[in-house]
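Make a model of this:
(one chain, ligands or ions: 1)
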Amino acid sequence: MNRTMKVAVIHGSPRKGNTYKAARIFMGELALRGGVEFVEFLVPQALPMFCTGCQLCLGNPNEMCPHSEYVTPILNALLKADAIIVASPHYGGSSIPGGLKNLFDHLSFLSLPIAPREEMFSQKAFVITTGTGSTGAIKLIRETLKGWGVNRVYAIGLRMFTDKWDMMPTSKQARFDRVLRRNAQAFRRAKHRRAYISTVFMYYMAKLVIRKYIGENGYPYRYWDKRGWLGRRPF
Ligand SMILES: Cc1cc2nc3c(=O)[nH]c(=O)nc-3n(C[C@H](O)[C@H](O)[C@H](O)COP(=O)(O)O)c2cc1C
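Numbers count the residues shown, from 1 in each chain. From the prediction side, this is the model:
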């Protein structure tokens, strides 16, 4: 019997607009044949405090974060998931909305050279963006997830040229609906693959830096040593 697929969804738009609609279509198709469980977070609502840059999460267990009451439930949901969906509008020069960037700031300790989580090395992720151009948003989100060691990151950018889904011609709405459903089916089937070469490269670079410059008493050294990563590669 197939076990339930747990999916953590991050909605990055401060409003339930185009991106939310696209994410719901994708999620609906993903869950069509059952066996899928979602846990959803909307930012900034789920994380209303800005990262203060205190860096307590970088040199200690992440619970030292002054906003741990918001961050830890999101982190736990991400870690329990088999798959992650990040949905975000594209915002010009800044690429993504501040609420999503703020979540990524709060989760910076997940970067490979700091304290990545083994659970993420087997996860797959899907990025959904809306806007006229979407490459800036996709690139930033994809690199962030890859930086956490996520096994595969897939993406789709919907060029809609309007801030209201229903203003698009019905033929275009139907096309986006089809594209999202097709991608959801492919995502559901997507299997674990060999780690990205860039992830493997980053692992060896991080190991070198931690051994040479952090040393035995530093936090990432102890974190990596405890898991045996200063010896064997975890993916
Ligand atoms: C601050 C801001 C900046 C934006 N900049 C761009 C942009 O540079 N390029 C673009 O294609 N759309 C841009 N948009 C439009 C949104 O990306 C687009 O309407 C998107 O579908 C909105 O998603 P939402 O309805 O989920 O919030 C911008 C919107 C906002 C609010």
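
In this structure, which residue sits nearest the ligand?
Closest to the ligand within the chain is residue 17: 2.2 Å, counting by Cβ to the nearest ligand atom. The C-beta positions use only the backbone N, C-alpha and C, and glycine is treated the same way.

State the distance from that residue to residue 101.
The gap separating residue 17 from residue 101 is 18 Å, by Cβ to Cβ, to the nearest Å.

what secondary structure does the nearest residue to the residue of the chain closest to the ligand once chain neighbours are set aside sit in?
Of all residues not flanking residue 17 in the chain, residue 163 sits nearest, at 6.7 Å (Cβ to Cβ, 6 or more residues apart in numbering). When classified by DSSP: H, G, I helix; E, B strand; the rest coil, residue 163 comes out as coil.

and what of residue 87?
On the three-state scheme (three-state DSSP), residue 87 is labelled strand.

The residue of the chain closest to the ligand touches residue 165, doesn't it?
Yes - at 7.3 Å, residue 17 and residue 165 qualify as touching, with contact defined as Cβ atoms under 8 Å.

okay, those two: which has more neighbours?
Higher neighbour count among residue 17 and residue 165: residue 165, with 19 against 14, using other Cβ atoms under 10 Å.

so who does the more buried one touch?
Applying Cβ atoms under 8 Å, 6 or more residues apart in numbering to residue 165 gives the contacts 17-18, 21-22, 173.

ok so, going back, gap between the residue of the chain closest to the ligand and residue 38?
Residue 17 sits 19 Å away from residue 38, going by Cβ to Cβ.

Residue 85 now?
Residue 85 sits 8 Å away from residue 38, going by Cβ to Cβ.

anything in contact with each of those two?
The overlap between the contact sets of residue 85 and residue 38 (Cβ under 8 Å, 6+ apart) consists of 7-9, 27.
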